[in-house]
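> show me how the following folds:
(one chain, ligands or ions: 1)
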Amino acid sequence: MIYDNIPILKSIKEYWDTQSIPFHMPGHKRGKIFKKLGLDYLMENLIEMDTTEVPGVDNLHSPEEAIKEAQELAAKAFGADHTFFLVNGTTSGIYAMILSATKPGDKILIPRNAHRSVVSGTILGRLHPVYMMPEIDQYMEIAMGIKPATVEKALEQNPDASAVLVTNPTYYGACSDIEKIAGIVHKKGKLLLVDEAHGSHFIFHPKLPISAMEAGADMVAQSTHKTLTSMTGSSMLHVREGRVDIEKVKFYLQLIQTTSPSHVMLASLDLARYIMEEYGYKLLDDCIKYSNWTRDEINSKSPLYCLGQDRKNIYGIHDIDPTRITVCLKGIDLRGFKADEILRSRYNIQVEMSDFWNIVAITSIADDESSYKKFCQALLNMQSDVEENISITEQGYPIHTPECIMAPYEALNHEKEYIEIEKSPGHISAEMVVPYPPGIPIIMPGEYIQKDIVEYLRQCVDTGMKISGTSDPKLRKIKVLK
Ligand SMILES: Cc1ncc(COP(=O)(O)O)c(C=O)c1O
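Next up is the predicted model:
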């Protein structure tokens, strides 16, 4: 078979062949949205149309024609003064936001559970991150919003910080009070940067949470490929004029991004904006309606819990994205990982992500009623499907942030060694350790490892919790500074 010698093509073909129901990104859901709108002819012959910058095809790094026009149209649609198209995901937008808002040695306030691209941005910028602790939902055991008071206190304690970055919404769909946070940050004369990777659809429907641009943020990076319909890896960076040095943003975008951007990806960003302007309201209306129906069915007919508006105003949650279906399976003692596998193997449904107790399904304007119905029925059946119940000891997450001896970028440039985890108390970590739940790094590079943290991590491994960020996922050893 030819595919056996082309393993990546084989892997995506095999997944395609399953024709599973995709409750994951990208939001175009296998191109379904283009068929639904009768626009699939626009996406034909994409490989033949793949091109470099020939005359008439604009240059991403000095746009004067089509890309300039498309970015201006996007800025208008997304409520920004300037929009930059990205071909290396929101990750590149986050790097550009952080690097343009700071200089080496600066402090930046970030949530302790920030996406790894935020931490990487602080390493690239040789910055000193100061962590703000998000609120933890004690039932779902996940990190939710950041309270405005937490931001205010962090700014009072760090008046020399250059910028504040917040994640809005979280992967699970929880939004913080960005309007209030923007007011606090701007009053102190700082920049507000928002990782809105999961919120590019917000501005297109009044029933959705306020978008960070509308709420007053200075720069916002959005994964248009996650909740809208552009191709995987294509994103947008939106900028508000006033406090931001636009030329510095452009400089860093050139530095970070390839000089050979895919014009097919850029065109998919342009088309995503067009679709939202032409059809977005009605399509989102349906998406919200079916997502809410699914949520109500799960919450009223099963012991499962689907995150919804009832959590508003607790755990730092200002609003909830109704299109994000986050289901907690604690009520039937079933791990999220197991539910994920059951959905895949028995129902041919693939969700976006699972953690210890929860699964996260990404819905989009491409989904149709029958997909929601199948997903909902599978979850309602879940209780009778469970063969082996599990019970785990409730673990207390050590909420304190360990003492920071040096910034992550300094730790990464230090000599390192691997030692057994039991021997690590008293050493300085050279890696990030993130137990799920709640997905908050328990140790960052440059932080002092304490005994209670090692004990907690041992329990996490024993109960089968996922540990991410470490070179040894079983955490027998850990990388520390020599
Ligand atoms: C909260 C958050 N921020 C940033 C990113 C990075 O986005 P991208 O994959 O578009 O680079 C992700 C990706 O999953 C994310 O979940």
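> all contacts plus neighbour counts: C-alpha atoms, from now on.
Noted.
> so Arg112 sits against Met133, correct?
Yes. Counting by CA atoms under 8 Å, Arg112 sits close enough to Met133 to count as a contact (5.4 Å).
> nearest spatial neighbour of Thr470, skipping sequence neighbours?
Val433 (5.7 Å; CA to CA, 6 or more residues apart in numbering).
> I'd like to know how many residues surround the one you found.
By the criterion of other CA atoms under 10 Å, Val433 has 23 neighbours.
> same check on Met1?
Summarising burial for Met1: neighbours were counted as other CA under 10 Å, giving 6.
> check the one 10 residues further on too.
Counted with other CA under 10 Å, the burial measure for Ser11 works out to 13 neighbours.
> same question, the one 4 residues further on
Applying the criterion other CA under 10 Å, we find 10 residues in the vicinity of Tyr15.
> doesn't it belong to a helix?
Yes. With DSSP: H, G, I helix; E, B strand; the rest coil as the criterion, Tyr15 is located in a helix.
> can you tell me how far it is from the ligand?
From Tyr15 across to the ligand, the span is 20 Å (CA to the nearest ligand atom, to the nearest Å).
> can you check Leu155 too?
Distance check for Leu155 against the ligand: by CA to the nearest ligand atom, it reads 22 Å.
> thought that residue was touching Leu165?
No. The pair Leu155 and Leu165 does not pass the contact test of CA under 8 Å, sitting 11.8 Å apart.
> show me what contacts Glu152?
Counting by CA atoms under 8 Å, 6 or more residues apart in numbering, Glu152 touches Ile181, Ile184, Val185.
> any idea how far the ligand is from it?
For Glu152, the distance to the ligand - CA to the nearest ligand atom - is 22 Å.
> does that residue count as helix, strand or coil?
Assignment for Glu152 (three-state DSSP): helix.
> what does the pLDDT read for it?
At Glu152, the model reports a pLDDT of 98.
> swap in the one 5 residues further on?
pLDDT, Gln157: 97.
> picking that back up, which residues do Leu155 and Leu165 both contact?
When contacts are counted by CA under 8 Å, 6+ apart, Leu155 and Leu165 have Leu109 as shared neighbours.
> grab the nearest non-local neighbour of Ile67.
Nearest residue to Ile67, sequence neighbours excluded (CA to CA, 6+ apart): Asp58, at 5.8 Å.
> how close does that neighbour get to Ile246?
Here the criterion is CA to CA, to the nearest Å. By it, Asp58 lies 20 Å from Ile246.
> so those two - more neighbours on which side?
Under the criterion of other CA under 10 Å, the comparison of Asp58 against Ile246 puts Asp58 first, with 18 against 14.
> against Thr52, how distant is that one?
Applying CA to CA, the value for Asp58 to Thr52 is 9 Å.
> before we move on, back to that, with secondary structure, distance to the ligand and neighbour count added, can I get the contacts of Glu152 in CSV?
Written out in CSV, the entries for these read as follows (DSSP: H, G, I helix; E, B strand; the rest coil; distance: CA to the nearest ligand atom, whole Å; neighbours: other CA atoms under 10 Å):
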residue, secondary structure, distance to the ligand, neighbour count
Ile181, helix, 18, 24
Ile184, helix, 22, 18
Val185, helix, 20, 20
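> quick one: which of these is nearest Thr227?
Comparing those against Thr227 with CA to CA places Ile181 closest, at 24.0 Å.
> so who does the closest residue to the ligand within the stretch 201-350 of the chain touch?
For the stretch 201-350 of the chain, the nearest residue to the ligand under the criterion CA to the nearest ligand atom is Ser223, separated by 4.5 Å. Counting by CA under 8 Å, 6+ apart, Ser223 touches Gly89, Thr90, Glu196, Ala197, His198, Gly199, Ser200, Gly233, Ser234, Ser235, Met236.
> try it again at 6 Å.
Residues touching Ser223, when contacts are defined by CA atoms under 6 Å, 6 or more residues apart in numbering, comprise Thr90, Ala197, Ser235.
> which of these tops the neighbour count?
Comparing the contacts of Ser223 by number of neighbours (other CA under 10 Å), Ser235 comes first, having 30 neighbours.
> mind listing what that one touches?
With contacts defined as CA under 6 Å, 6+ apart, the neighbours of Ser235 are Leu86, Gly89, Thr90, Gln222, Ser223, Thr224.
> who does it bridge with?
Per DSSP bridges, residues listed as beta-bridge partners of Ser235: Leu86.
> any idea of the pLDDT on it?
98.
> spatially nearest residue to Thr224, not counting backbone neighbours?
Here the nearest residue to Thr224 in space, its sequence neighbours aside, is Ser235; by CA to CA, 6+ apart that works out to 4.9 Å.
> any idea how far that neighbour lies from Leu266?
Between Ser235 and Leu266 the distance, using CA to CA, works out to 9 Å.
> Asp50 now?
The value you get for Asp50 to Leu266, if CA to CA is used, is 11 Å.
> quick one, which of these two is more surrounded?
Set side by side, Asp50 and Leu266 show unequal neighbour counts under other CA under 10 Å, the larger going to Leu266 at 22 against 11.
> show the average pLDDT along the helix or strand encompassing that one.
Secondary structure from DSSP states H and E places Leu266 in helix 263-301. Average pLDDT, helix 263-301: 98.
> can you list contacts of the helix or strand hosting Val461?
In this structure, Val461 sits in helix 451-462 according to DSSP H and E. By CA under 6 Å, 6+ apart, the residues outside helix 451-462 that reach it are Pro425.
> tell me how far the very next helix or strand once past it lies from the chain's centre.
Secondary structure here is assigned by DSSP H and E; on that basis, the next helix or strand after helix 451-462 toward the C-terminus is strand 466-468. Taking CA atoms, centre = their mean, to the nearest Å, the mean C-alpha location of strand 466-468 is offset from the chain mean by 17 Å.
> contacts for the helix or strand just after strand 466-468 next, please.
Elements were assigned by DSSP H and E; along the chain past strand 466-468, the next helix or strand is strand 477-481. If you take CA under 6 Å, 6+ apart as the criterion, strand 477-481 is touched by Glu415, Lys416, Glu417, Tyr418, Ile419, Glu420, Ile421, Ile428, Ser429, Ala430.
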